[in-house]
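Asks: Based on what follows, work out the 3D shape:
(chains A and B)
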Amino acid sequence: MKHSTRWGSAVAFAASVALLATGISAGSSSAATGNPVTVTFWHAYSSDGSEVKTITNILIPRFQAEHPDIIVKQVAIPYDSLHQKLLVAAAGGDLPDVVRADLAWVPELANLGVLSPLSTEMSDFKAYSQAVFPGTLATNYFKGKYYGLPLDTNTRVMFWNKAVFAKAGISKAPKTFADLKADAPKLKKIGAYLYGESGTGGWSILPWIWAGGGDITDAKYTKSSGYINSAKNIATIQMLVSMYKSGYIPNLITKNKSAIGTSDGLAKGKYATILDGPWMFPIMAGQYPNFKPTTVLVPAGLGGTSSVVGGEDVVMMSTTQQKAASLELIRYMLSTDWQLSMAKVGQMPVRKDVSAILPSIAPYYATFAEQLKTARPRIPSPNWQKIDAVLDDRLQRALNGSMTVKAALDSAAKAIDPLLAAQ
Amino acid sequence: MSEVAERKSGEPSALPSPKPPKRVPIARRRKSMGNRITPYLFLFPGIGVFSLTILFPIVKSLQISFYKWRVLPGIPSPFLGFGNYTRALHDPIFWRALVNSGFYMLVTVPPQIILGLLAAMLLNDKIRGRGLFRILIYLPVITSWVVVTLLFLYLFSGDGGFFNWILKDLHLIHQDVQWFGSRWPAMIAMSALGIWKGIGWSMIIYLAALQTVNPELVEAAAIDGAGAVRRFFAVTIPAVRRTTTFISMMLVIGGFNVFIQVYLMTEGGPLGSTEVLLTYMYRQAFSYLDFGYGSAIAFLLTGIILVLSGVQWRFFRPSEK
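Replies: Residues are numbered from 1 along each chain as shown, chains lettered A, B, ... in the order given. Sure thing, here's the model as predicted:
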């Protein structure tokens, strides 16, 4: 082989190695002084929803105009994978700067040490904490510090399909458990399920448990036995199991993936009622413009009406390199501007002043505001995910008949007690 | 003898007659060293990428499988030796997953082989529309797994799904079957998808193999009085034996590696009854973040497939004649 070809191949080899190296390192960003810093913001708004459009088209540009040295990079991650992604990112060391986290995850993440305590990091924390509802602020509390600020709140109310009920000869929405039991067979006759639900975790089942007059732990969240397997809970769960067996509740509740989803089922008239949140109104307007959803409070059992408080908190990761910029973004998210803009797309504000004018923003908020008066938060425990998994598993077994309701709840109590004791 | 003559006529620089070896001048020695390095330089990027993306993760997973591997920063990973492996062997869900993977493999592999061969035989003759039918049967092979899984979810829906509708129309059932409501109906639905998607692949390979069947043998058999069926069993099947070996081994590996349809159609449910080895491994590793256990399951699966492949190799070994 000639000299030139040998040198040629050596050069080609060196070039390919160099290209490989630059390809690998292309992702790293430089934080030179004077260059704008990038704040990465992870959230679980659906990537094609109106919330993201509001954020990218209105709110982030406004923020960046006010802060020319900050660039906000928002990343939409599906809700089902966001929690896991945070854990994996914590392990891999590539956490974002700011996250809109489900309030149920905050104690767990704080326990892991990946959250920055805003009550000590933010000089004006007190001002912001006083502008929001105390119940929403409390979801950020863990072992003496606040690890975030509330961002939005929500609850589930009963959506009912007026036309389907009318077709079955029922003119009024169900108000009590007794109404549900009476309406179910009439709805089945016209080919509609009474109530569509997509699982048996806390978010799905707690409104029923609380409306039925029971609870899953004592008031101080120390013990489950005697509470989750109380007579009232057994009656409530038995009601749901019987409805499932009689064909009033579709097998979507046993996570059958071939069953129609809750919102599609409601709009199409297959499901007469579902429980859902305020975000459903903009979504329905987009997907089923001819269907006008109507809402009532969760039907009352022995415990009156009740529901579960949801919402998200905004947290700053302890690993962030852009602390000042991230705090600026968080301040903007708690401003009236952000809260008001997001209220227009189904995100209930946590600021007291914005919440006071909610009905003028959209009339559909009325039921949710009313339900929030009787809605309760889920257990604020770092072990909530595991407790939720136990509850879900045992109720699934009760539904498919492999365990009686009493045995399932007893078994749940036994498994949840140690999880509560361990916090 | 003829080899030497061919070599001499093929290359302009004929081989020199054997002489005692003399010291090769420096320039020529350097050239031959460059000659030797060049192939490795060209191979390096390919092997580099392969080692980085395939070999390294495999070796690393093997290491991980011997630890209770912690992912969160700052926490040490205790060494377990074969602890994860013995845990798997005592885990009832592991055995259920193994049974499910095995069931899927046993139910999907023979039909793909048989129907693939039949389709190949039928489409080997010069009938009208032969090309179109070959395309139609092969098309499922190249479709996206995710797309067809969602499609089959709809077809097997328990609430007005297509197959329920047909079965009721034929009066084979009176009530909708909840295909994904329990273990075996769900396994059947997922196996149906697997078979449908794979027939085209074995058909194409058998088509190629059938071209190599000696037509004289077939004629000779016909002259000897063998009917079509007898010809099929006596001539065609032995002729494509090697192909059958290959297809069988590939399909068994693929069958045990079933993942996407189960993950998307049932997610291992209801209540873990349709869990297969790969979905269980995925759940352990990525949902529960127990990477050690997940890796152990993966290597146990590897071992099972190795054993099965070895068994098939012996079974299909061409008999010495």
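
Asks: residues in contact with the residue lying closest to A:S230 once chain neighbours are set aside?
Replies: If the residues on either side of it in the chain are set aside, A:S230 comes closest to A:G214, at 5.1 Å by CB to CB, 6 or more residues apart in numbering or on different chains. The C-beta positions use only the backbone N, C-alpha and C, and glycine is treated the same way. Contacts for A:G214 (CB atoms under 8 Å, 6 or more residues apart in numbering or on different chains) come out as A:Y227, A:I228, A:S230, A:K232, A:N233, A:T236, A:G303.

Asks: Recalculate using a threshold of 7 Å.
Replies: A:G214 makes contact with A:S230, A:K232, A:N233, A:T236 under the criterion CB atoms under 7 Å, 6 or more residues apart in numbering or on different chains.

Asks: do B:G272 as well
Replies: Under the criterion of CB under 7 Å, 6+ apart, the contact partners of B:G272 comprise B:I93.

Asks: Double-check that B:T243 belongs to a helix.
Replies: Yes: remark: B:T243 belongs to a helix, assigned using DSSP: H, G, I helix; E, B strand; the rest coil.

Asks: Contact distance from chain A - what residues of chain B qualify?
Replies: For chain B, the residues in contact with chain A under the definition CB under 7 Å from any CB of the partner chain are B:31, B:34-35, B:38, B:41, B:44-45, B:71-73, B:153-154, B:156-159, B:161, B:178-181, B:265-266, B:269-271, B:287, B:289.

Asks: Quick check: PyMOL command selecting the buried ones in these.
Replies: Below is the selection syntax for PyMOL that covers the buried ones among the residues of chain B next to chain A, with 16 or more other CB atoms under 10 Å in any protein chain shown defining burial:
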select buried, chain B and resi 34+38+41+153+156+157+158+159+161+178+179+180+181+265+266+269+270+271+289
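
Asks: Now do the phi/psi pair for the residue nearest to A:S230.
Replies: phi -110, psi -170 (degrees, to the nearest 10).

Asks: Also A:G301?
Replies: In this entry, A:G301 is assigned phi and psi values of phi -110, psi -140 (degrees, to the nearest 10).

Asks: tell me the contacts of it?
Replies: Under the criterion of CB under 7 Å, 6+ apart, the neighbours of A:G301 are A:F177, A:A211, A:G212, A:G213, A:T236.

Asks: pretty sure A:K175 is in contact with A:P299, am I right?
Replies: Yes: taking CB atoms under 7 Å as the definition, A:K175 is a contact partner of A:P299 at 5.9 Å.

Asks: If you count surrounding residues, which of those two has more?
Replies: Neighbour totals were compared for A:K175 and A:P299, and A:P299 leads with 22 against 15 (other CB atoms under 10 Å in any protein chain shown).

Asks: Just give me the residue right at the centre of chain A.
Replies: With the centre of chain A defined as its mean C-alpha position, the nearest residue by CA atoms, centre = their mean is A:D102, 5.2 Å away.

Asks: now the strands for chain A?
Replies: For chain A, the strands identified by DSSP state E occupy A:37-43, A:70-76, A:98-102, A:141-142, A:145-146, A:149-155, A:157-160, A:193-196, A:271-276, A:294-296, A:307-316, A:375-376, in order along the chain.
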